[in-house]
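Participant: Starting from these lines, generate the structure:
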Amino acid sequence: MEKHINNFDKVVKHLEFKSSDDFYMLQIIKRRKENPEIGVNNICLRTIYIDSLEKLSKMKNDIIESCDRNKARAYINLSRKSYRKCTLQMLKAVTDRVISNDYSKPYHIFDSVAGQCGSDRPVWVVDVDRPEGYSDEEFESMMQSIIEVVNQCKPDDSDGKIIDILDTRNGKHILTKPFNLITFSTIYQDIEVHKNNPTILYC
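Facilitator: The predicted structure is shown next:
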């Protein structure tokens, strides 16, 4: 039986809104891994901009039903975005397209810009897959070692670097504040660290 993931309760604790300019990018993705008939690696069924806790709460059941119905996953980028900053970057992207005489799929421009746009509150994702054959105890020990290394990569931060740990289908996502990636990568060369990527919300 496939592992069921629901990280809504954890994720909602990390959504902070300073003003109406703030938002988080949520996407419902249909993947070939669960849907081999689609013929491509993935299809984005829907992009939702979460700009309040109330909006996410109201849309929670709809998101879950959409994922269940389409055998899809909901991902959310926990690096807070700015509508103003993304809109300004969208204007530049539109101008660049006009200059190059490219008018294809203009409706994707804001989604593309929002996905790439930086954040005043970056959250990195350390993507840890559980090695095949590892017991619960072995994987927990592995996770604790990784967490210790992450926190040691910037010891001047008294609060530590770890924000939270979320379940994934194949392991865990460690949500962190930025840290010294060079130091980390010399120890864990095979573990990916994503600086502006989403984490799993539901699947």
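
Participant: Give the burial count for residue 70, as a bare number.
Facilitator: Other residues within reach of residue 70, judged by other C-beta atoms under 10 Å, total 16. The C-beta positions use only the backbone N, C-alpha and C, and glycine is treated the same way.

Participant: With residue 67 instead?
Facilitator: Neighbours of residue 67 using other C-beta under 10 Å come to 21.

Participant: and what of residue 7?
Facilitator: Residue 7, neighbours per other C-beta under 10 Å, totals 19.

Participant: Could I get the phi/psi values of it?
Facilitator: With angles defined as degrees, to the nearest 10, residue 7 sits at phi -110, psi 20.

Participant: now swap in residue 170 and tell me
Facilitator: Dihedral angles of residue 170 (phi, psi; degrees, to the nearest 10) stand at phi -110, psi 10.

Participant: now the one 10 residues further on
Facilitator: Backbone torsions for residue 180, taken as degrees, to the nearest 10, come to phi -70, psi 100.

Participant: right, and it touches residue 150 too?
Facilitator: No - checked against C-beta atoms under 8 Å, the pair residue 180 and residue 150 is beyond contact range at 9.3 Å.

Participant: Residue ranges in this protein under the pLDDT threshold?
Facilitator: Applying pLDDT under 70 to the chain flags residues 1-2, 155-159.

Participant: Return the residues in contact with the nearest residue to residue 124 once chain neighbours are set aside.
Facilitator: Using C-beta to C-beta, 6 or more residues apart in numbering and skipping residues adjacent in sequence, the residue nearest residue 124 is residue 176, 4.9 Å away. Taking C-beta atoms under 8 Å, 6 or more residues apart in numbering as the criterion, residue 176 is in contact with 123, 124, 125, 126, 150, 161, 162, 163.

Participant: same question, residue 199
Facilitator: The contact partners of residue 199, by C-beta under 8 Å, 6+ apart, come to 7, 11, 75, 76, 77, 78, 125, 166, 168, 173, 175.

Participant: and the helix or strand hosting residue 143, what other elements does it pack with?
Facilitator: Counting by DSSP states H and E, the element that carries residue 143 is helix 136-152. Judged by 3 or more C-beta pairs under 8 Å, 6 or more residues apart in numbering; DSSP states H and E, helix 136-152 is in contact with strand 124-129, strand 162-167, strand 171-176, helix 181-187.

Participant: Please identify which pair of the contacts of residue 199 lies farthest apart.
Facilitator: Using C-beta to C-beta, the pair of the contacts of residue 199 lying farthest apart is 77 and 168, separated by 15.0 Å.

Participant: Now the closest residue to residue 185 other than its chain neighbours: which helix or strand?
Facilitator: Using C-beta to C-beta, 6+ apart and skipping the chain neighbours, the partner closest in space to residue 185 is residue 193 (7.7 Å). Per DSSP H and E, residue 193 falls inside strand 192-194.

Participant: Off-centre distance for the next helix or strand after that strand?
Facilitator: Using DSSP H and E, the helix or strand that directly follows strand 192-194 along the chain is strand 199-202. When distances are taken as C-alpha atoms, centre = their mean, to the nearest Å, strand 199-202 is centred 7 Å away from the chain's centroid.

Participant: Good, we can wrap up now.
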